[in-house]
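> what's the 3D shape of this:
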Amino acid sequence: MKVLVIGGAGYIGSHVALELLQQGHQADVYDNFSTGQRVNIFKESKLHEADILDKAVLNKVLAGYDAVIHLAASKAVGESMVNPQKYSTNNIEGSLNILNAMALNNVKHLVFSSSAAIFGEPQYLPIDEEHLKNPTNYYGFTKLKIEEFMAWYSQLLGLNYAGLRYFNACGYDSAGRIKGLEQNPANLLPIIMEVAVGRRTKLEIFGDDYPTPDGTCVRDYIHVSDLASAHLKALEYIRHNNKNILLNLGSETGISVKEMYEAACRITGKTLPYSIAQRRAGDPAGLVATSQLAQKMLQWQVQHSSLEELIESSYRAYLAHFKVN
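As a prediction, this is how the structure comes out:
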């Protein structure tokens with residue numbers, strides 16, 4: 001397959017491009033480098049340096065591709081609550097530009113990076129695909145709207161799509177082939193890693209009074225390499241079966257902020273400074289997935305998402321990047 005990975009220089013996108021290349025596909029990259037990094041572009045991939053807000057370029061580039069994997073979005077929950085304009089433009093307008101460019105070029109297959117944030121405060125755990133969709137932050141709202149747009153484009157224009165609802169992606173390629181780290185990370189583990197290598201003075205834990213066993217938020221953390229394999233399996237599924245799918249992707253294990261922090265201290269051998277801060281707006285107490293449907297439909301299993309591998313692969317990447325002894 002000839003696949004255009006939009007956002008392919010970013011953290012998740014570069015792992016997805018690597019998975020495609022490993023399996024013998026052409027994986028070209030479309031990226032504006034607002035958060036992606038050039039060091040994450042593999043020599044086998046053709047680079048299109050452009051923005052998804054540039055309709056003319058997007059329309060031209062998409063000619064001749066078999067499929068698109070769309071990972072280009074702003075994704076910080078807290079930021080989305082104070083700057084919704086950015087999220088409306090980048091996530092909603094940008095995604096509509098991609099859908100329209102695909103329609104113009106008769107590209108029928110799309111894998112979309114959605115999010116567990118579409119569910120909001122869970123009514124039950126683990127969260128399955130049928131759970132109520134009621135986002136508690138604007139970021140999640142934008143992802144839900146894009147899922148709805150894809151459904152209409154499928155009905156009206158014959159688009160085949162897979163919407164993959166990530167829980168919390170973390171970790172790094174075990175062989176160290178992804179060199180660029182996330183810029184300005186907002187997620188827990190990369191922030192802990194920045195503390196561990198001396199790039200940040202301390203970890204801020206946002207709230208320790210949630211109705212969870214230790215008072216801190218509980219999340220389902222999935223290794224980025226497991227996510228990457230699911231993207232290719234989802235693309236193959238929609239191409240071969242001519243069906244749309246919406247799937248939750250998680251490890252099915254809940255880990256609290258304090259559990260992640262304590263494990264990181266143990267694995268790095270360091271006592272990492274932290275402080276307790278106020279809760280962030282829009283943060284649910286717990287989010288844990290069931291990925292049974294993905295396992296059944298895609299014949300997919302997590303292989304790298306143990307707490308130890310999440311932290312160890314991240315720590316190796318940060319040590320290598322910052323040349324820390």
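> report the contact partners of Tyr315.
Tyr315 is in contact with 193, 196, 264, 267-268, counting by C-beta atoms under 8 Å, 6 or more residues apart in numbering. Backbone N, C-alpha and C define where each C-beta goes, glycine included.
> how many residues are close by the nearest residue to Ser154 once chain neighbours are set aside?
If you skip the residues right next to it in sequence, Ser154 has Asn244 as its closest partner in space, 5.6 Å away by C-beta to C-beta, 6 or more residues apart in numbering. When neighbours are counted by other C-beta atoms under 10 Å, Asn244 registers 17.
> contacts only, for Asn244.
Taking C-beta under 8 Å, 6+ apart as the definition, contacts of Asn244 comprise 150-151, 154, 160-163, 238.
> returning to what we had before: among the contacts of Tyr315, which pair sits farthest apart?
Met193 and Ile267 (10.7 Å; C-beta to C-beta).
> of these two, which one has the most company?
The residue with the greater number of neighbours, taking Met193 and Ile267 and applying other C-beta under 10 Å, is Met193; the counts read 27 against 16.
> enumerate every residue touching Arg200.
191, 194.
> for Ala175, see how far away it is.
Relative to Ala175, Arg200 is positioned 26 Å away (C-beta to C-beta, to the nearest Å).
> can you give me the strands for the stretch 101-250 of the chain?
109-115, 160-166, 168-170, 203-206, 218-223, 245-249 (DSSP state E, counting those that start in this stretch).
> in this structure Met81 contacts Ala281, no?
Yes: counting by C-beta atoms under 8 Å, Met81 does reach Ala281; the two are 4.8 Å apart.
> now do the shared contacts for the two.
Contact with both Met81 and Ala281 is made by residues Asn137, according to C-beta under 8 Å, 6+ apart.
> what about those two, which has more around it?
Counted by other C-beta under 10 Å, Met81 and Ala281 do not tie: Met81 has more neighbours, with 17 against 14.
> now do the helix or strand where the more buried one lies, average pLDDT.
Here Met81 sits within helix 77-82, counting by DSSP states H and E. On average, the pLDDT along helix 77-82 is 90.
> out of the strands of the stretch 101-250 of the chain, which is closest to Gln299?
Comparing these by their distance to Gln299 (C-beta to C-beta), the top pick is strand 245-249, with 12.5 Å.
> next, the angle from that closest one to strand 218-223.
100 degrees (axes from the mean of the first three to the mean of the last three C-alpha atoms, to 10 degrees).
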